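J.: Sequence plus predicted model, see below.
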Amino acid sequence: MHLRVLTRRLRFVVPALILLALLGWSAWLFASRWRPSPADFPVQGVDVSEETGPIEWWTAKKSGIEFAYIRATSGAGARDLRFPENWRWTFEAGIRRGALHVYSLCQLAADQSGNFMTTVPRSDDQLPPAVEIDFQPDCSARPERQVVITELTRFLHDVESHIGKPAILMVSPAFESQYHLSDAFPRLLWAHQAFFPPSYFARPWSIWQATRHRRIEGVGQPVNWDVMAK
């Protein structure tokens with residue numbers, strides 16, 4: 001009797017599990033291929049780091065990459081191992097390139113800008129330098145807002161003098177909520193939020209990181225996909 005009941009239940013459970021698996025696969029496939037419409041955002045690109053792995057830039061460019069931000073440095077001493085090759089080959093592939101620094105609340109701005117300036121060469125062709133500002137897992141410091149603004153001002157002065165262009169600030173929703181940097185700095189803003197255009201800044205953003213899951217030819221790992229505002 002129990003075996004008959006179990007068999008009857010499995011007749012419903014197994015198809016349901018198969019349906020859930022198919023739905024999950026379809027969602028993954030959609031997320032891995034999705035990007036914002038080029039009609040709405042004609043200029044699209046990526047931001048990459050050593051975690052992205054090796055990139056065949058000529059192949060990747062065919063997926064619609066027009067610009068690439070390349071992580072160069074983190075904090076006061078870390079340098080991205082793939083920055084030199086990515087910096088070179090984006091140029092060779094004819095992709096507009098910019099360097100990115102991951103900012104730390106636990107290290108002095110002067111030390112961080114020194115790390116960036118000794119790593120990133122100045123060139124007239126590059127995009128404005130980008131600064132990724134978020135709460136990093138290896139730093140528990142939460143300074144007062146004015147301290148953060150003062151240190152960031154010092155960092156931006158050094159980096160912008162070196163590159164010769166105003167920086168763009170990639171600020172996370174959590175960091176913006178606590179420190180309101182979009183009110184403090186008259187700089188271009190870079191927002192990130194999956195799939196839906198973000199609205200957490202006090203001013204319109206200039207770049208939007210729309211997904212971290214897009215898969216394209218020429219890259220073994222999912223890439224961070226970004227678009228520029230019109």
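T.: Right, received. Where do you want to start? The structure presented is a predicted model; accordingly, all values stated were derived computationally and were not measured.

J.: Tell me where this structure has helices.
T.: Here the chain has its helices, by DSSP state H, at 2-33, 57-61, 83-92, 109-119, 145-163, 173-179, 181-184.

J.: Quick check: mean pLDDT of the shortest one?
T.: In other words, helix 181-184. Mean per-residue pLDDT for helix 181-184: 97.

J.: same question, the first one
T.: Mean pLDDT, taken over the full extent of helix 2-33, equals 56.

J.: Next: stretch 48-60.
T.: For stretch 48-60, the per-residue pLDDT averages 98.

J.: May I see the buried residues of that stretch?
T.: By 16 or more other C-beta atoms under 10 Å, the buried positions in stretch 48-60 come out as Val48, Ser49, Thr52, Ile55, Trp57, Ala60. C-beta: built from backbone N, CA, C; applies to glycine.

J.: From start to finish, how long is it in a straight line?
T.: Using C-alpha to C-alpha, to the nearest Å, the end-to-end distance of stretch 48-60 comes to 12 Å.

J.: Just give me how far it sits from the chain centre.
T.: 14 Å (C-alpha atoms, centre = their mean, to the nearest Å).

J.: Check stretch 68-81 too.
T.: 13 Å.

J.: quick one: terminal-to-terminal distance for that stretch?
T.: Stretch 68-81 end-to-end distance (C-alpha to C-alpha) = 16 Å.

J.: now, which of the buried residues of stretch 48-60 sits nearest Cys106?
T.: Ser49 (19.5 Å; C-beta to C-beta).

J.: Distance of that closest one relative to Asn224?
T.: For Ser49, the distance to Asn224 equals 9 Å [C-beta to C-beta, to the nearest Å].

J.: Same list, the buried residues of stretch 48-60, but as TSV with distance to Pro128 please.
T.: Shown next, in TSV, are the buried residues of stretch 48-60 (distance: C-beta to C-beta, whole Å):
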residue	distance to Pro128
Val48	17
Ser49	18
Thr52	21
Ile55	22
Trp57	21
Ala60	22
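
J.: ok, those residues vs Arg79, which is closest?
T.: For the buried residues of stretch 48-60, the closest approach to Arg79 (C-beta to C-beta) belongs to Ser49, at 11.1 Å.

J.: Now the closest one. Nearest residue, chain neighbours left out?
T.: For Ser49, ignoring the flanking residues on the chain, the nearest one in space by C-beta to C-beta, 6 or more residues apart in numbering is Arg71 at 3.8 Å.

J.: which residues does Arg145 contact?
T.: Residues in contact with Arg145 (C-beta atoms under 8 Å, 6 or more residues apart in numbering) are Gln178, Tyr179, His180, Ala184.

J.: shaky segments in the protein?
T.: The chain contains residues with pLDDT under 70 at 1-31.

J.: one step back: PyMOL command to pick out the buried ones of the contacts of Arg145?
T.: Typed into PyMOL, the line below selects the buried ones among the contacts of Arg145, using 16+ other C-beta under 10 Å:
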select buried, resi 179+184
